[in-house]
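In: Quick one, structure for this:
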Amino acid sequence: MAVRVTPTRLADGRELFYFDDSPAYASGAKTRRLDDPRPLVDRAEPFVDRQTGQTLNPSPPEMRFDNLTGEWISMASSRMERTFEPAADSCPLCPAHPGGDYQDGEIPDTDYDVVVFENRFPSYWRLPGQDIHTEHHPGGEELWRQRPAAGRCEVICFSPDHTGQMATMPTTRMRTIIDAWADRTRALQQIDGIVQVYPFENRGAEVGVTLPHPHGQIYGFPNVTPRTAAMLHQAAAYERATGRHLLADTVAAEAAGPRLVAESAHWLAYVPYAARWPVEMHLAPRRDHLDLTTVTTEERADLAQLYPRLLRGLDRFFVDPDGHPIALPYVSGWHQAPVDSPARHLGRLHLQLFSIRRAPGKLKYLAGSESGMGAWVNDTTPERIADRLRAVLKQADDLTAVAP
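Out: Numbers count the residues shown, from 1 in each chain. Got it, this is the predicted structure:
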């Protein structure tokens, strides 16, 4: 299957990429609209503050080091202005209105297959020519370490349909999404200063989604994230003790255990032994991959069928009193090995999907001991989660089999 990638720039200088699988566009017979008619100021140029009327210089986010935990925290004040739950007819992720007046939408064309663009309100970005490698010590205090949050945040729109969802995505379109994840992973890994790439999707207002249009994000982090650092620390200790690869051995053990919920020719889905969320599932390739860039054509085609199937099952995990399925709010993200790290070989590609819903009408709010101390408590067991997932996957498969 051919996917055509067409790059352009938005009015304020941000990059946008169309990923097309529709025959007319994939072949090059047609081209998406590339110009952006919005009167936006280049984000690297001075701008006039709407409230004060003052001319200000752009202020990209910064990172501050937490001496007590060893973690970098991004300070991105511009995100306070991001779009919040717009009306369906003014969603900035929908295609432009055919023949309509100016709208503040992010996609210039009146249709698209899959599109990726730089986030207008990013947690990480850099000014052109900015020194991104020098640390500063505000006030001369050595305890305070500060540097630019010089990563990159991209939005990926999975469908032009405002009411679409990943679970019902056609296999061809799901394959295009996978290709876009891999393509952008490769591109972001080559940007100076980006250390780790994380494609992910948040779905549902319960997990903080402010734009209900089917979309995800792709973050290029300027540091190894805390969760990845913790996993690599454990993997390094395991390698020293056994000479073996911790993540590979973990996947092999789960494949033979009671928490395996689904498998295909190239992929395994399971509930992890120490799951911390009331619904949690990992999806891993049978072969060892550090990131999405090395996943083969056959593995991508297999994933394009399995992943929507898993999502259809997850949307039946909880039902209302009348037995109707309750759409599952979730976070789903690809864990990939850091780019420039001596521990890169200890990473292994896998997807983690979890939900904060613990029962119909009930969410898992972190207790003080969890949010304050990181001492997690699960309200169920991984084995019960796996049993339920196997049951709902069968229900979803049965419904798909009899669908017209």
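In: just for the stretch 51-200 of the chain, where's the confidence low?
Out: The stretch 51-200 of the chain contains residues with pLDDT under 70 at 79-86, 88, 100-102.
In: what's the top helix by length along the chain in contact with?
Out: The residue-count maximum for a helix in the chain (DSSP state H) belongs to helix 382-402. Residues from elsewhere that reach helix 382-402, judged by CB atoms under 8 Å, 6 or more residues apart in numbering: 258-262, 270-275, 278-281, 309-310, 312-317. In this view, the C-beta of every residue, glycine as well, is placed from N, C-alpha and C.
In: and Asn119, how many neighbours?
Out: 19 (other CB atoms under 10 Å).
In: Now it: closest residue in space that isn't a chain neighbour?
Out: Residue nearest to Asn119 in three dimensions, not counting chain neighbours: Cys153, with 4.0 Å by CB to CB, 6 or more residues apart in numbering.
In: got a list of what that neighbour touches?
Out: 118-119, 122-125, 217-220.
In: List the ones among those residues that fall in helices.
Out: Short answer: the contacts of Cys153 have none in helices (DSSP H).
In: Name the residues of the longest helix of the chain that are buried.
Out: 382, 385-386, 388-389, 392-393, 396 (16 or more other CB atoms under 10 Å).
In: Output these as CSV; include the columns pLDDT and distance to Thr31.
Out: Shown next, in CSV, are the buried residues of helix 382-402 (pLDDT from 0 to 100; distance: CB to CB, whole Å):
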residue, pLDDT, distance to Thr31
Pro382, 98, 49
Ile385, 98, 47
Ala386, 98, 47
Arg388, 97, 47
Leu389, 97, 43
Val392, 96, 43
Leu393, 96, 41
Ala396, 91, 38
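In: Out of those residues, the closest to Arg173 would be?
Out: Distance to Arg173 across the buried residues of helix 382-402 (CB to CB) is lowest for Ala396, with 18.9 Å.
In: Report the distance from stretch 306-318 to the chain centre.
Out: 18 Å (CA atoms, centre = their mean, to the nearest Å).
In: Kindly report the same for stretch 123-130.
Out: For stretch 123-130, the distance to the chain centre is 21 Å (CA atoms, centre = their mean).
In: Kindly report the same for stretch 137-156.
Out: 22 Å.
In: Kindly export that stretch (C-alpha atoms) in CSV.
Out: The C-alpha coordinates for stretch 137-156 follow below in CSV (Å, rounded to 0.1, in the frame of the first residue of the first chain):
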residue,chain,number,x,y,z
HIS,A,137,21.4,29.0,37.0
PRO,A,138,18.9,31.8,37.8
GLY,A,139,20.2,34.2,40.3
GLY,A,140,23.5,32.4,40.3
GLU,A,141,22.0,29.7,42.6
GLU,A,142,23.7,26.4,41.7
LEU,A,143,20.7,24.4,43.0
TRP,A,144,18.5,25.9,40.3
ARG,A,145,19.1,24.4,36.9
GLN,A,146,17.2,25.6,33.9
ARG,A,147,17.3,25.0,30.1
PRO,A,148,15.1,25.3,27.1
ALA,A,149,12.3,22.8,26.7
ALA,A,150,13.5,22.3,23.2
GLY,A,151,11.5,19.3,22.1
ARG,A,152,8.6,19.1,19.7
CYS,A,153,4.9,18.5,20.0
GLU,A,154,2.8,17.3,17.0
VAL,A,155,-0.9,16.6,16.6
ILE,A,156,-2.0,13.6,14.5
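In: Which ones among the contacts of helix 382-402 map onto strands?
Out: Within the contacts of helix 382-402, residues falling in strands by DSSP state E are 260-262, 270, 279-281.
In: which pair in these spans the largest distance?
Out: Leu260 and Val279 (16.1 Å).
In: With neighbour numbers in mind, choose between the two.
Out: Remark: of Leu260 and Val279, Val279 carries more neighbours, 23 against 16, as counted by other CB under 10 Å.
In: Which residue, other than its chain neighbours, is closest to the more buried one?
Out: Val279 sits nearest to Ser355 (CB to CB, 6+ apart), 4.1 Å away.
In: following the helix or strand where Arg173 lies, which helix or strand comes up?
Out: For Arg173, the host element (DSSP states H and E) is helix 171-189. Downstream of helix 171-189, the next assigned helix or strand under DSSP H and E is strand 196-203.
In: how far does that following strand sit from the chain's center?
Out: Distance of strand 196-203 from its chain centroid, counting by CA atoms, centre = their mean, is 1 Å.
In: Helices along the protein, start to end?
Out: For the chain, applying DSSP H gives helices covering 23-26, 171-189, 226-242, 246-255, 297-314, 368-373, 382-402.
In: Can you add distance to Gly13 and give those back as TSV?
Out: Output for the helices of the chain, formatted as TSV (distance: least, CB to CB, whole Å):
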stretch	distance to Gly13
helix 23-26	24
helix 171-189	17
helix 226-242	30
helix 246-255	39
helix 297-314	32
helix 368-373	38
helix 382-402	44
